[in-house]
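S.K.: Just the structure for this:
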Amino acid sequence: MTGPVLTETIARPRLVERLVVGHATSDGAGVDLTRLLSQELQQRLDPFLLLDAFGSDDPEDYIAGFPDHPHRGFETVTYMIAGRMRHRDSAGHEGVLESGGVQWMMAGRGVIHSELPEQQEGRLEGFQLWLNLSAKDKMRSPWYRNIQCAQIPEFVTSEGVTARVIAGTSHGVRGAIQRDTTEPLYLDLQLPAGAHFAQALPPELNAFAYVYRGDVRIGEQTVAQQQLAILGNDPASGGIVVHAQMPARALLIAGRPLREPIARYGPFVMNTQEEIRQALNDFREGHFAET
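M.R.: Next comes the predicted model:
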């Protein structure tokens, strides 16, 4: 951890374009979750395809986990706030995701994996983000990294805001993961009452914030707990400013849009319907299990 660091100054901050409230659903073998970023927003928030939040103290809500299932054409980023989850995949990767850690997996040309709870009781809470791959990268070999809590860089601002830098760079601190094409920024912010956090950001990057503790203010808009705020792309904007009137925690996520066609069918995300048909055929013929 470094710090304290001075908060950046943003002359013209972005404003909230739209507030989104997620809808309750289930996935895997019946895990209860809230879907915040769904298919209808994937063009607006390109390169991001999905954001799910899950959290429960009741093992019946999560104990069955996510048994073997396929992916092709994108990356999954799982951030665990509380609990333990074991990952295994057909490319030979395995690891246990623990509280505060991140699992970053590039499905590439195809992988079958499972994510199963390593606990019988207690709280399981976290997020899964899907990050699209460019057409040139969709058929790359699968890749996986398990990032423990202590491996995620953090800094504290002069106002006492703690920022965990999962991906990208903030205030000169490089995150645990860097990506060239989509340039994702993924921050977990812990803000004390009365503090603000400013993040410089090019206006062409798509950005959103999700509040999961307390509430925050962005411009004149209050963003309540469990709301996702899509941030406008004002060409004159220099970045984002988040104010906390009470103690709050929020994810701040941004990325460079690919501006490519999106063809999506369940766990497969490609550029054309023909590529989707090929993905289905490859999965049925067992090619996803090949390393």
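S.K.: need the contact list for the residue most central in space within the chain.
M.R.: Of all residues in the chain, the one closest to the mean position by Cα atoms, centre = their mean is Leu129, 3.3 Å from it. Under the criterion of Cβ atoms under 8 Å, 6 or more residues apart in numbering, the neighbours of Leu129 are Leu37, Phe48, Leu50, Leu51, Thr76, Val77, Thr78, Tyr79, Tyr186, Ile253. (Each C-beta comes from the backbone N, C-alpha and C, glycine too.)
S.K.: and if we set it to 7 Å?
M.R.: Phe48, Leu51, Val77 (Cβ atoms under 7 Å, 6 or more residues apart in numbering).
S.K.: One more: Ile177?
M.R.: The neighbours of Ile177, taking Cβ under 7 Å, 6+ apart as the test, are Trp104, Ile166, Ala167.
S.K.: again with Asn233
M.R.: Neighbour list for Asn233: Pro203, Glu204, Asn206 [criterion: Cβ under 7 Å, 6+ apart].
S.K.: most neighbours, which of these?
M.R.: Asn206 (21 neighbours; other Cβ atoms under 10 Å).
S.K.: Spatially nearest residue to it (excluding sequence neighbours)?
M.R.: Leaving out its chain neighbours, the residue that sits closest to Asn206 by Cβ to Cβ, 6 or more residues apart in numbering is Leu45, at 5.1 Å.
S.K.: so that neighbour is in which element?
M.R.: Following DSSP states H and E, there is no helix or strand that holds Leu45.
S.K.: ok, it - how many residues close by?
M.R.: Counted with other Cβ under 10 Å, residues neighbouring Leu45 total 22.
S.K.: Repeat that for the one 10 residues further on.
M.R.: If you count neighbours by other Cβ under 10 Å, Gly55 ends up with 18.
S.K.: Could you pull up the contacting residues of it?
M.R.: Glu125.
S.K.: from the middle of its chain, how far away would whichever helix or strand it is part of be?
M.R.: Element membership for Gly55 (DSSP H and E) is strand 48-56. The chain centre lies 8 Å from the centre of strand 48-56; the measure is Cα atoms, centre = their mean, to the nearest Å.
S.K.: What of stretch 130-148?
M.R.: Relative to its chain's centre, stretch 130-148 lies at 13 Å (Cα atoms, centre = their mean).
S.K.: what do you get for stretch 232-247?
M.R.: Between the centre of stretch 232-247 and the centre of its chain there are 19 Å (Cα atoms, centre = their mean).
S.K.: now do stretch 119-126
M.R.: Distance of stretch 119-126 from its chain centroid, counting by Cα atoms, centre = their mean, is 19 Å.
S.K.: what is the mean pLDDT for that stretch?
M.R.: For stretch 119-126, the mean pLDDT works out to 91.
S.K.: backbone phi and psi for Arg88, please?
M.R.: According to degrees, to the nearest 10, the main-chain angles of Arg88 amount to phi -140, psi 140.
S.K.: For the residue nearest to Leu201 when sequence neighbours are not counted, which residues are in contact?
M.R.: Here the nearest residue to Leu201 in space, its sequence neighbours aside, is Gly239; by Cβ to Cβ, 6+ apart that works out to 4.5 Å. For Gly239, the contacting residues are Glu8, Ile10, Pro13, Arg14, Ala198, Gln199, Ala200, Leu201, by Cβ under 7 Å, 6+ apart.
S.K.: what pLDDT does Gly239 get?
M.R.: With respect to pLDDT, Gly239 scores 97.
S.K.: That one bridge partners, please.
M.R.: Pro13, Ala200 (DSSP bridges).
S.K.: cool, and Gln103?
M.R.: Bridge pairing for Gln103 (DSSP bridges) gives the partners Thr78, Asn146.
S.K.: What separation do you get for it and Gln227?
M.R.: 26 Å (Cβ to Cβ, to the nearest Å).
S.K.: circling back to that earlier point, now, among the contacts of Ile177, which is nearest to Glu274?
M.R.: Trp104 (28.8 Å; Cβ to Cβ).
S.K.: Go ahead and confirm the closest one touches Trp143.
M.R.: No. The pair Trp104 and Trp143 does not pass the contact test of Cβ atoms under 7 Å, sitting 8.3 Å apart.
S.K.: Which one of those two is surrounded by more residues?
M.R.: Between Trp104 and Trp143, Trp104 has the larger neighbour count (other Cβ under 10 Å), namely 22 against 14.
S.K.: where does that one land on pLDDT?
M.R.: Model confidence at Trp104 (pLDDT) stands at 97.
S.K.: ok now stretch 48-62, how far from the chain's centre?
M.R.: 13 Å.
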